[in-house]
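K.L.:
Need coordinates for the below:
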Amino acid sequence: MIKTFCILTIFTWACATSVFASEHFSDHEQFCLQQPDKQCLAYINEHIADSELNSTQWYKGQSYLFDYYYDKNDFETLKAIVEPFADRDDLPKVFKVQTYFYYAKALRYYNNDKQAKIYATKAFDNIQQMYESFSDPMRILELANLQYVFGNKETAFQMLLKAERKFGKSKDPIFNFELHSNKANVYHGLGDLENAKTSRKKALDWIIPTQHQNKIIIAQGNLARTYQLLAEYKQANKYYVAALGNMVTPSDDLIKATYKLRLAEISWQAKDLQQARLWLQKVDEKHLLSSSHKALCTQLKAAL
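P.N.:
Down below sits the predicted model:
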């Protein structure tokens with residue numbers, strides 16, 4: 001979940017990705033660029049360990065940790081580490097809002113929509129107040145993302161257009177990545193895949209020049225998935241393969257398994273059965289966590 005709240009751009013990776021884009025109060029990738037030679041998760045945990053318990057820096061480290069697992073689509077770990085904070089009233093306000101935001105996302109992932117809406121509403125109300133106080137453009141994107149995820153697509157789209165009108169001249173690559181990623185999500189949700197494709201390409205173009213590797217991977221995967229849904233299989237293959245080429249750490253294993261599964265599906269759809277079998281053999285099934293991905297894997301095995 002564009003980060004500064006990476007807007008839970010939320011997100012559309014490989015279709016489970018569609019709901020996510022990335023909007024985060026605390027961008028773990030930006031934080032980790034301070035120590036590029038260190039493994040990011042290790043650096044975050046080191047920061048937490050070196051910070052005084054319940055200090056501002058300690059809470060900031062926890063928020064980077066939330067963001068890290070959200071971006072890695074590791075919702076099992078995310079839910080486990082966010083849940084202990086979800087109903088506490090003694091937390092700093094910004095951290096509390098982040099907790100609501102990520103907990104809502106985790107609950108949504110596990111189809112607990114009733115509880116997810118409760119925490120999403122809490123997050124929305126607080127983010128609204130923060131935007132009204134500080135007019136931070138990222139807050140608008142976060143608000144739009146929450147509206148989209150919980151079914152208010154038209155409201156979400158109007159918020160995104162408002163952000164684009166007001167801040168569209170910004171050269172901030174993260175803002176523009178999140179803006180266009182979230183616009184693509186709405187277009188996708190409305191069934192307008194051509195405009196979704198255009199917005200996903202813009203999101204990728206904005207983020208490619210940066211060092212935000214995970215956002216680049218997600219942008220490539222989202223664009224690939226949209227090409228796949230448009231039956232443009234050559235382009236879909238190109239961007240999934242490019243995304244796999246950017247995955248260099250074990251923390252990418254969940255996304256890697258999903259992208260390889262999609263490549264197997266694309267080859268099958270393109271009637272290249274030999275290539276479909278090769279990709280399917282490379283899928284590490286223990287990293288397919290969603291029921292839809294598991295079902296697709298079973299379907300492909302039967303077909304091939």
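
K.L.:
Put the alpha carbons of the worst-scoring helix or strand of the chain on mean pLDDT into PDB.
P.N.:
Within the chain, confidence by mean pLDDT, DSSP states H and E is lowest for helix 28-32 among all helices and strands, at a mean of 78. What follows is helix 28-32, C-alpha atoms only, in PDB (Å, rounded to 0.1, in the frame of the first residue of the first chain):
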ATOM      1  CA  HIS A  28      10.600   2.100   2.700                       C
ATOM      2  CA  GLU A  29      12.400   2.200  -0.600                       C
ATOM      3  CA  GLN A  30      13.300   5.900  -0.100                       C
ATOM      4  CA  PHE A  31      14.500   5.100   3.400                       C
ATOM      5  CA  CYS A  32      16.600   2.200   2.300                       C
END
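
K.L.:
Can you tell me which helices and strands it packs against?
P.N.:
Packed against helix 28-32 by the contact rule (3 or more Cβ pairs under 8 Å, 6 or more residues apart in numbering; DSSP states H and E) you find helix 40-50, helix 56-71, helix 213-229. C-beta: built from backbone N, CA, C; applies to glycine.

K.L.:
how about 7 Å then?
P.N.:
Judged by 3 or more Cβ pairs under 7 Å, 6 or more residues apart in numbering; DSSP states H and E, helix 28-32 is in contact with helix 40-50, helix 56-71.

K.L.:
Switch those over to CSV, and while doing so, append distance to Tyr109 to every line.
P.N.:
Formatted as CSV, these follow (distance: least, Cβ to Cβ, whole Å):
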stretch, distance to Tyr109
helix 40-50, 20
helix 56-71, 10
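
K.L.:
among the ones you listed, which is the most enclosed?
P.N.:
Highest mean neighbour count of these: helix 56-71, a mean of 23 (counted as mean count of other Cβ atoms under 10 Å).

K.L.:
Just the C-alpha atoms of it, please, in CSV.
P.N.:
Provided in CSV are the C-alpha atoms of helix 56-71 (Å, rounded to 0.1, in the frame of the first residue of the first chain):
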residue,chain,number,x,y,z
THR,A,56,9.2,8.8,17.0
GLN,A,57,12.0,7.0,15.2
TRP,A,58,10.8,3.6,16.5
TYR,A,59,7.3,4.2,15.1
LYS,A,60,8.8,5.5,11.9
GLY,A,61,10.7,2.2,11.6
GLN,A,62,7.6,0.2,12.2
SER,A,63,5.8,2.1,9.4
TYR,A,64,8.6,1.3,7.0
LEU,A,65,8.2,-2.3,8.0
PHE,A,66,4.4,-2.2,7.2
ASP,A,67,5.2,-0.6,3.9
TYR,A,68,7.9,-3.2,3.1
TYR,A,69,5.6,-6.2,3.6
TYR,A,70,2.8,-4.4,1.8
ASP,A,71,4.9,-3.8,-1.3
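
K.L.:
And that helix, what does it pack against?
P.N.:
Looks like helix 56-71 contacts helix 28-32, helix 40-50, helix 75-82, helix 93-109 (3+ Cβ pairs under 7 Å, 6+ apart).
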